[in-house]
Every structure is written in C-alpha cells, then in structure tokens.
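Novice: My questions concern the predicted model and sequence given below.
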Amino acid sequence: MAKNTICIWYDKDAEAAARFYADIFPDSSITAVHHAPSDYPSGKKGDVLTVEFTVAGIACLGLNGGPAFKQSEAFSFQISTENQDETDRYWNAIVGNGGQESACGWCKDKWGLSWQITPRVLMDALAAGGPEAKRAFDAMMTMGKIDVAAIEGARRG
C-alpha cells in the first residue's frame with residue numbers, strides 16, 4: 001500500500017466502483033480486496049470492507065462505510081485528455097453508466113463521485129492568460145462536456 005492513499009467512502013459498492021474505474025482508465029487496477037473479519041455497523045463478517053486500487057496511477061482505498069456520508073464536488077478526480085475522442089470516451093463511460101452530467105467538464109459517476117474530464121487544450125488556454133484565457137474560459141462556462149474544437153476556436157478569437 002502506498003504511503004499516501006486517497007480513501008473514498010462508498011455505501012457498499014467500493015469493489016464495483018474500482019472495477020469500473022480499472023476498466024475505463026489506463027494505469028488503473030485493483031490490487032487487493034479485504035473482507036470484514038467480523039460484523040460492523042454497516043455490514044457483516046465476510047462482506048467486502050476495503051478495496052485497494054489505482055485510478056490513472058493514483059493510489060486509492062475504497063471503504064464500504066455505509067450510507068452515513070455522501071460524495072460531494074468538494075473532491076473530484078481531474079482526468080486530463082489529449083483530444084475530443086479521449087474526452088468523449090471518458091465522459092460517455094461515466095455518464096452513460098448511471099452517471100450524471102454537470103457543467104464545465106464535470107460529471108458524476110453512479111456512486112456520486114465527481115470527475116473533471118479536462119482536455120489539455122483548455123488548461124493550456126487558461127495558463128496562457130490574458131484575452132486568450134478569457135475567451136476559452138467564457139466558452140467553457142457554456143459547456144457540459146468540453147468541446148475541444150470550440151475551445152480551440154475561442155483561443156484563436
């Protein structure tokens with residue numbers, strides 16, 4: 001297990017979520033599944049308690065902690081994409097499998113975890129500053145899924 005790991009609280013589907021992420025994102029996998037040694041407040045002995053996994057190289061621990069806490073946009077994974085095809089692939093996988101669209105490249109998976117599917121061209125435009133950044137930012141503010149061609153057009157003016 002990594003020295004620093006992101007712990008993500010799930011009601012009861014940590015293993016299903018980890019498998020979903022491992023199927024979608026490169027450099028993602030499940031490394032261990034641990035079962036509860038005895039009954040606990042939100043489960044029984046033998047239930048999956050924790051799942052060690054990586055998402056795009058980031059070490060995570062999924063905890064089946066029960067319904068006490070919900071996900072919020074205060075935490076999200078930001079996935080950088082190279083082009084519209086990659087943006088579409090990740091967005092459609094998340095939203096198309098019980099997820100929910102949001103604004104400005106954000107969406108939620110069916111477990112309520114927030115994702116930012118962010119084309120590199122958008123980050124480059126914002127980093128450029130000045131009028132180019134403002135045009136790209138204003139274009140992004142009208143979008144759900146990011147439209148790479150529209151951001152490139154906004155950058156050019």
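Specialist: Nice, thanks for sending it over.

Novice: Which positions are bridged to the residue most central in space within the chain in the beta structure?
Specialist: With distances taken as C-alpha atoms, centre = their mean, Trp115 lies nearest the centre of the chain, 3.3 Å away. Applying DSSP bridges to Trp115 gives these bridge partners: Phe77, Cys107.

Novice: Surely Ala125 and Asp138 touch.
Specialist: No: applying C-beta atoms under 8 Å as the test, Ala125 and Asp138 come out as separate, 10.8 Å apart. Every C-beta, even on glycine, is put in place using the N, C-alpha and C of the backbone.

Novice: what touches both of these two?
Specialist: Common neighbours of Ala125 and Asp138, counting by C-beta atoms under 8 Å, 6 or more residues apart in numbering, are Ala154.

Novice: ok, the two, which is more surrounded?
Specialist: Of the pair Ala125 and Asp138, Ala125 is the one with more neighbours under other C-beta atoms under 10 Å, namely 22 against 10.

Novice: Can you classify the more buried one by secondary structure?
Specialist: Following DSSP: H, G, I helix; E, B strand; the rest coil, we place Ala125 in the helix state.

Novice: what helix or strand does the closest residue to it other than its chain neighbours sit in?
Specialist: Leaving out its chain neighbours, the residue that sits closest to Ala125 by C-beta to C-beta, 6 or more residues apart in numbering is Ala136, at 3.4 Å. Secondary structure from DSSP states H and E places Ala136 in helix 130-140.

Novice: As CSV, could you dump the C-alpha coordinates of that helix?
Specialist: What follows is helix 130-140, C-alpha atoms only, in CSV (Å, rounded to 0.1, in the frame of the first residue of the first chain):
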residue,chain,number,x,y,z
GLY,A,130,-4.9,37.4,-21.0
PRO,A,131,-7.7,37.6,-23.6
GLU,A,132,-7.0,34.1,-24.9
ALA,A,133,-7.7,32.7,-21.4
LYS,A,134,-10.8,34.8,-21.0
ARG,A,135,-12.2,33.7,-24.4
ALA,A,136,-11.6,30.0,-23.6
PHE,A,137,-13.0,30.4,-20.0
ASP,A,138,-16.1,32.1,-21.3
ALA,A,139,-16.6,29.3,-23.9
MET,A,140,-16.1,26.6,-21.2
